[in-house]
Structure formats: structure tokens, C-alpha cells
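K.L.:
when you get a sec, could you give me coordinates for this:
(one chain, ligands or ions: 1)
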Amino acid sequence: MLTATRLRTDYLTDPIGLGNPRPRLFWTCDGGTAQTAYRIVATRDGDSVWDTGKVSSSKMTGHEWSGSVLLSRDRVKWRVQVWDEDDRPGGWASATFEMGLLHARDWEATWITGDYTPNKKHRYPVDQFRRSFQGRQVASARLYVTACGVYDAHLNGARVGDVILAPGFTDYHSRLYYQAYDVTDLITDGANTIEIAVAEGWYRGSIGALGARNVYGTQTKLLAQLELTYADGNRDIISTGNGWGWSDDGPLRFADLKDGERVDLNREPSYRGAARETAFSLVPTAADNVTPREKERFTPTVSRTPSGVQLLDFGQNIAGYVELTAQACRGQQLRLQFAEHLDAEGELDMAAIQVRAGKPNASPQQRIDLTLAEGHNSYKTRFAVFGFRYAIVTGDIELATKDITAIAVYSDMAQTGRFTSSHPLVNQLVQNTLWSMKGNFLDVPTDCPTRERAPWTGDAQIFTRTGTFLMDTAAFMRKWLRDLEDRQMPDGRVPCVAPDTHNNEVFGMDQLKAMAGAAGWADAAVLVPWQLYELYRDETILRDSYDMMKRHVEFQITRTNRTGLFGKRFPKADRKYISNVGQAFGEWLEPTDVYKQSVLKDLIAPHPEEATAYLAFTSRIMADVARLLGREEDIPLFEEYARGCAEAYARQFTPVDSNRQSKMVRPLAFGLLDGQTADETFAKLVAAIEARDYRVGTGFLSTPLILPVLSKWGRTDIAYRMLENEAEPGWLFQVRSGATTVWENWDGTASRNHYSPGSVCQWIFETVCGVDLTGEQEFTIAPQPGGTLTHASFSYDSIYGTVTSAWRREGDHTAYEISVPSNTIAHIRLSGGTVATVGAGTWTYREASTRAR
Ligand code: BGC
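P.N.:
Next up is the predicted model:
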């Protein structure tokens, strides 16, 4: 019987506190071949608020709410029934959602802050706020809360919800989110106490590469509203404002996202002071996003470094924190210092992950300092997240394996992709990439969880497709696209980092301001929504971002027909379509034996090759997007630049006069070259790869593109050779060197947790296993067995259900097993020549093996 499963509202499972008044409903189907009709029925307090009746349609995604108008706090139960190909109805499946506070007038609470006037130079303990109240039996209770800073709330001693570092990171000049929690079970009949701690977080704490502080404000603030609804329908609201106790004399003497915590476990907050009322310019809104949570746990092996310090190895490089217990005497000290890596001597290596390493103001500190209490102590980090695999323990006591656990913390995205093959190192590469994703998807996508922890646009652009094959990024990236748009400048320029982290200063100038609009980084404005669209087939993603996308490309067009400082001169005929002003990073971090970056050429002079290629490519995408969304008036301009830039590119940058793989990969991947020029450029790429013994030579931008280009030109054999190459530099070189996450640069001398080079996994999923989503409820499955692999399997929980493609070499034959989810079709193309279009079900094939070439 065909039934609906995985019901979601706006990509979320049973959300509370939804902000979108016209949410969209999603499901997948299970247990049959095709959905021919559906019916959605929704109720609010038992009353029907929407009934679509039986609708003839196979559509499972993006059913926009068109029932009664949704109001703040509405709790809706929705059910869906589907009919199969024989018009037989299946059973009902149900889900819920609850609206949040949709209007400013819903907030009765006023902002409060601690009773002190902060000085920018000082760092402060964590603020604790408290209020007691009389409760009686409630039918339901909700807590709406947010902070300038990061908070955690306790009701009668129990933690409210499991969100970490709420309310998350946004550009607090333009947007602040709140969370809504169901706290019905925490309210008692009688005396109740609500306590909320507020730490610095992204708002006031150290952020970005430099550990800049006070970037959004100097004063942490709290806004909370607890709404109690009784069985008789009466309501009470307990909200921040006058009458809240405050103190900053609790155990958390200091708490910073990157630097860590200093905790005195002998203290309790006195709440001796009174909170001050204050104000904040924004009305908080709902994020409609998945939130950071505690995930996997790891216990360490315990040993000593050569210098005799106690060393904990958690076995996996993660972003997260620790929980520990310790027996001690009052006043004993314990220090934990966290890092990703050990240096050549076997000591903890802070240098690779810090700026100003070795100096007292090194950033990040990644340290926990505990003053222990008499007897049993327990501690868990609350307001810091570190990038680490190792920790050293110093102070008055030591820890045993059983005393301490590392906890990974990341945004709660469901894992969508599962890959396995006969090649353990390739399997580990995919695992490492997944772990780098987990380590860097903490409310915003970051470059690394240590040195910078900055939401770099380029990194996100490079990784979105791979990331979406690995985890369900829809809600997370939709939120980040808002962050990106919040930071778009009036002239359309898109920054390199969003939200802002005051990231880089070179020669006393904010280098990143100059870098705004950088090719390959700013282009995230077009490439991220587009890649999400490709895997979610959701036009809303494009529609919501269209203005940002268009303004970005229009800005890039203003960079053509000009020559910037230190810019190379181009012949007049082509100048019109060559982008030749503005700074950028170029290809960035190619292996140093391929190309050594120089400040003048790479960080100051324009990058016409990269910039013109990206303008051609994004203009081509924009022409398609405009067509898709019916924005006919915009098409001619995008078409003109797609064509004009590609032609000028071909004339000015081919034939390629270098052996840098990126120079051949980029125009081929972006489709900038015609017939013969493309073939010649491809031949040059193959020669460059062979001359390097099949070792990778690309930097950030072309790494996701190189293996797909090889496959597109029919040389999947070379792609396998490059992927499987264990020599340095290469993906498997990292793995063979013991990596448990992906390294930033090919020699491993910088961060060890950068997802961007893991973007090669896109090729593993799309080509080794051949899974692609090529239309609405439509897949293309075209696996290309090759290399030394004897089997491979990839299973992807797509927006339309789980699709699996597996193959296995059996003697001279290859056996394929392909599973297609209900209510979808798949076009199968196998390397031995089989071509078929199939519907839901599991399909097996056996072909004489061909060698990928
Ligand atoms: C970051 C990158 C980022 C780059 C800009 C680095 O320091 O870690 O991932 O994209 O700067 O080129």
C-alpha cells in the first residue's frame, strides 16, 4: 500500500516556533509505484483549517499552505493520504507544526542586561538571570527566548531544550533569531524558577581569524517570554523586564566561543543584583532552521607526550567540547588545551590553528581552566566549541579514559548519503569529508573550526553540492543565504565572509572589504542557490534569492571593460567582456610546486582569468534561472555576458600557456570553449596530469571540477588514477597519513579540518556510483566502475526518497543493483551499453565489464 512518509514542514520535522506564515509541506512515498493523487487535511485545535480534497497529482514536495490564515502560536496537525497507480488510497500519515511569534506586538518581554557598563578592553564572566514565579497545573507552556550573545535556559534546574549556542549566528545588525521551546513538562504546581545564562557568543566574543571582539556590541542582552496556558484556557506570561535577578558571580568566570571557558566549580550564582532594562533595535524572528546539537561521543586513549604531559587522543578530529568528572580537593586546578594535531616531536601543535601563535594573545586559545571543588566534580562545556582530536591535561590532577568524553556539536542535519566501496582509503576519504562537514556546519558554514571559524563564501560554494549529497542542507543553507543577502552591499557586491567576522587585516587595512566581490567567493550568491536547486528542485530557493543573485551578477558586470591597479592590458575588442578590476584570491592554495602565491599578483592585482570565467558561468546560470522563474526581461543581459565573456575568455586565455591544471579545468568545466579549442585544452590537461604522475594540481576552486571534467571528456580512467593516487599531494595521501578530516592545503601545514578539498566526493557519488537528480521526481543513474575498485555503493536520501546505486565486479562481468524510490523514475545508463528508464523498485543488471576510459 502506498503511504506518505518523512513528512516535513518547510524542510523541518514537527517544528515549533515556525516563522513562515505560508509553510510548505513535503513527504516521500513508500510501498508502491506511483502517487496519482493526494489529500492534505489540517486541523487546529481539532477544527479543520485546510482540506485539499482528493487532488490528482504526483507531487510530493513544496505544497504551499493555502488553508486558513496562520496566526502566531497556532498549532497545526496535518495529515496526508496518497493514492497509488490503481487509485487505491493508502493509510494516513501525520505531522505537526506550530507557529512562533509572528509580530512585534507578540513580544511583551523587554530586553534586560547585567548591571554593569562594559569596557571593551575587559572580558566579563557569564551573566546569570533569574526569576521565580508561582505556577499551577499547565495545559501547555512555551518559552520564547533569544539573546545578544549565546544563552542556555534552565527551568527548575532542568535544561530547556537541547539547542547549543542559541540563538545562533546572524548579522546582528539586521537579523536576530529566537527559539521556541515546549516546556510544558518542566512547569510545576507551586514555586518555579527560570534561570538563563548569557555568554558572549558571536555577538561580543572573539570571532574570525583575528579573534576580533565586540564586533556586534559590547553589552550582552536577554529577551525571554514564558507563556503558560492553563487547562481553563487562562494564560500567564512571565517575561524579562523588571524584577529579574542578576549576577555574574557564578561558576563561569569566562566563556568564549573560541578561547574556551574558565570555571570555578566552587561557585553558585548569588543573583544578588537586579537586571537592568535595556533595548535592542531588532524584533527577533524565527530561523526556521535546524539547530546545533550534541551528537557523537568519543572516549580518549590516554598517554603522555615526549615532554611528559598527559595526552588524550579522541581518535577523531571534531568540532565540539567535553564532559568530565573528577575527584579532587577544593581549589585544585585542571587545565585542558585542545588541538587537531601533534607536531613532529609528538607535542600538541597549536601553531597550525592559531594566529599570533606563541604570544599571549594567540587566537583561538581552545582552553578550559577548572578550579575544582572538594570531592566529586562534574563539568560540561556550555559556551565554547573547539576543533580538536587531542587534548593535553595539566594542573593538579590527571584524567583517566573513563573520566572524560568528547562530544561533537553541529547543526542537526540528517545524514543523506552513505557510500561504501572495496577501497578502504576511498571510504575513509568520504568519512573524513563528512566529518569536516560536521566540524564546520555550526549554524553557519565555516572554513575551519579553529583558526578562523569564519563563514567564507568561497568554501561554501565549493562544497554545497558534495555537502547536500552527505547531509540534508536545505534548511541550513536557506538560512545562510539570508545571512549572505544581509551582507550584500548596496552596489550588489557580495562579501567573502558572511556574517561578518572582521576577519582579516593586512597592512592595517580590512583586506576583506577590498576582497568583497572576489571571483569564486562572492559567486556563492549564484552558485549556492543554484546547486541547492539542482538537488532539491525547489524554485522557491531561487525565487527567494533571485534579487541577490541578480544584483551580484550586475555588480560583476561593472568590473568589465576596465583595467584595475596592476591589471594586465587586454586588446580593445575583448576588453568589454573581460573582468579586470577588483581583488580576489585566484585559484587559491594550489600545491606549492605547481604555483606559489604572491601577495602582489594574487592578493592585490586583478584575476581576469578566474573573474571572467566566473562571470560567464554565473551569467549562463542566471539566464537559465530567469527563464525558469519567468523573468524574461532579465534574460538578454545574462545571455549577452554568458556568451561575450566566454568568447573573450577563449580568445584571451587559450591556448593555455601553463601546466597549472586549474587553467584547463575551469574553462572546460564552465563550458566556455567550443569544439576544437575545448579538445586542445583537454589534451593539454591530460598532458599536465600525466607529467605530474597523476597527482592533483588544483587549488580550492577547481578541486570539485577536475574529476568531473575528466569524466565528461571520456577519461574516467584518469580520474580514478588521480583519486586513487596515494602520492603527495592527493586526497588519499592525506588519508594514508592518518587524517580523520580533510586538510586545508595539500601538505597539511595549515588547518586539518577544511571541507573544501573534500568536494571531490561529488565525483565519487555522481560518477563512481553515478547518482544524479536530473528533474522533478527523476534521477539519472550512470555509474562508471573503474580504477582498482571491485565494488561501490552509494545511497542517497534525496528529497524524493532514497535512491541507491551499487555495482560489483564478478569475474568478467559487472553486476549492478539500483533502487529507485516510490513515485519517481530513473534513467539508467550503464557503461556496458544498457539504457533503460525504470520506475520505483530494485533493478539488477549484469554486463560484461568494460574498462573505464
Ligand atoms: C580560509 C579559507 C578561505 C580563504 C580565502 C583562508 O584563510 O581558511 O578557507 O576561503 O582564506 O582565500
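
K.L.:
mind listing the strands for the stretch 451-600 of the chain?
P.N.:
Assigned strands in the stretch 451-600 of the chain, in chain order: 505-506, 509-510 (criterion: DSSP state E, counting those that start in this stretch).

K.L.:
burial count for the residue nearest to Ala339 when sequence neighbours are not counted?
P.N.:
Counting by Cβ to Cβ, 6 or more residues apart in numbering, Leu348 is the residue found nearest to Ala339 once chain neighbours are left out, at 4.7 Å. No exception for glycine: its C-beta is placed from N, CA and C like everyone else's. By the measure other Cβ atoms under 10 Å, the count of residues near Leu348 is 21.

K.L.:
model confidence for Leu348, exactly?
P.N.:
Leu348 is assigned 96 on the pLDDT scale.

K.L.:
same check on Asn504?
P.N.:
66.

K.L.:
quick check: the residue of the chain found nearest the ligand vs Trp456, distance?
P.N.:
Taking Cβ to the nearest ligand atom, the ligand has its nearest neighbour within the chain at Asp447, 3.4 Å off. Distance of Asp447 to Trp456, computed by Cβ to Cβ, to the nearest Å: 5 Å.

K.L.:
ok, Glu544 touching Lys479?
P.N.:
You called it Glu, but residue 544 is Asp. No: with contact taken as Cβ atoms under 8 Å, Asp544 and Lys479 are classed as non-touching, separated by 11.1 Å.

K.L.:
who has more neighbours out of the two?
P.N.:
It is Lys479, of Asp544 and Lys479, that has more neighbours when counted by other Cβ under 10 Å, with 21 against 16.

K.L.:
without its sequence neighbours, what residue ends up closest to that one?
P.N.:
Counting by Cβ to Cβ, 6+ apart, the residue nearest Lys479 is Asn289, at 4.2 Å.

K.L.:
before we move on, what about Phe570?
P.N.:
Across the structure, with Cβ to Cβ, 6+ apart as the measure, the residue nearest Phe570 apart from its sequence neighbours is Ile578 (5.0 Å).

K.L.:
what parts of the stretch 451-600 of the chain come near the ligand?
P.N.:
Taking Cβ under 6 Å from any ligand atom as the test, the list of the stretch 451-600 of the chain residues beside the ligand reads 452, 456, 458-459, 585, 588.

K.L.:
ok, and the most crowded of those residues?
P.N.:
The most neighbours, when those are compared by other Cβ under 10 Å, belong to Trp456, which has 29 neighbours.

K.L.:
contact partners for that one?
P.N.:
Residues in contact with Trp456, defined by Cβ atoms under 8 Å, 6 or more residues apart in numbering, are 446-447, 496-497, 521.

K.L.:
give the bridge partners for it, please.
P.N.:
Applying DSSP bridges to Trp456 gives these bridge partners: Val497.

K.L.:
separation between it and Ala691?
P.N.:
Here the criterion is Cβ to Cβ. By it, Trp456 lies 32 Å from Ala691.

K.L.:
buried residues in the lengthiest helix in the chain?
P.N.:
With residue count as the measure and DSSP state H as the assignment, the chain has helix 608-628 as its longest helix. Buried positions in helix 608-628, judged by neighbour count with 16 or more other Cβ atoms under 10 Å: 608-623, 625-626.

K.L.:
same thing with stretch 734-746?
P.N.:
Residues of stretch 734-746 classed as buried under the neighbour-count rule (16+ other Cβ under 10 Å) are 734-735, 739-746.

K.L.:
what's in contact with it?
P.N.:
The list of residues contacting stretch 734-746 from outside it, by Cβ under 8 Å, 6+ apart, reads 315-317, 340, 389, 425, 428-429, 431-433, 435-436, 439, 447-448, 589, 591, 696, 726, 728-730, 733, 748, 750-758.

K.L.:
just the pLDDT for Arg559.
P.N.:
Arg559 is assigned a pLDDT of 97 by the prediction.

K.L.:
report pLDDT for the closest residue to Tyr694 other than its chain neighbours.
P.N.:
Setting aside the residues directly before and after it, Tyr694 is nearest to Arg721 in space (Cβ to Cβ, 6+ apart), at 4.4 Å. On the pLDDT scale, Arg721 is placed at 98.

K.L.:
state whether Arg721 is indeed within a helix.
P.N.:
Yes: remark: Arg721 belongs to a helix, assigned using DSSP: H, G, I helix; E, B strand; the rest coil.

K.L.:
so which bits of the stretch 301-450 of the chain are right by the ligand?
P.N.:
Along the stretch 301-450 of the chain, the residues adjacent to the ligand under the rule Cβ under 6 Å from any ligand atom are 447-448.

K.L.:
ok, which stretches of the stretch 301-450 of the chain are helices?
P.N.:
Shown for the stretch 301-450 of the chain, the helices assigned by DSSP state H, counting those that start in this stretch span residues 424-440.

K.L.:
could I get the full set of strands for it?
P.N.:
When assigned using DSSP E, counting those that start in this stretch, the strands of the stretch 301-450 of the chain occupy the ranges 301-304, 310-328, 333-339, 367-371, 375-380, 386-395, 404-411, 417-421, 441-442, 444-445.

K.L.:
need the ones you listed in CSV (columns: distance to Thr285, mean pLDDT and mean neighbour count).
P.N.:
As requested, those are arranged in CSV below (distance: least, Cβ to Cβ, whole Å; pLDDT from 0 to 100; neighbours: other Cβ atoms under 10 Å):
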stretch, distance to Thr285, mean pLDDT, mean neighbour count
strand 301-304, 45, 98, 12
strand 310-328, 27, 98, 21
strand 333-339, 34, 98, 22
strand 367-371, 34, 98, 21
strand 375-380, 30, 98, 14
strand 386-395, 30, 98, 23
strand 404-411, 18, 98, 23
strand 417-421, 31, 98, 20
strand 441-442, 20, 98, 26
strand 444-445, 17, 98, 26
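
K.L.:
gap between Phe298 and Gly161?
P.N.:
Distance from Phe298 to Gly161, counting by Cβ to Cβ: 24 Å.

K.L.:
next: His173.
P.N.:
Taking Cβ to Cβ as the measure, His173 falls 27 Å from Gly161.

K.L.:
what of Tyr816?
P.N.:
Distance from Tyr816 to Gly161, counting by Cβ to Cβ: 45 Å.

K.L.:
neighbour count: these two, which is higher?
P.N.:
Tyr816 (22 against 18).

K.L.:
list the contacts of Leu705.
P.N.:
Leu705 makes contact with 665-666, 669, 698, according to Cβ under 8 Å, 6+ apart.
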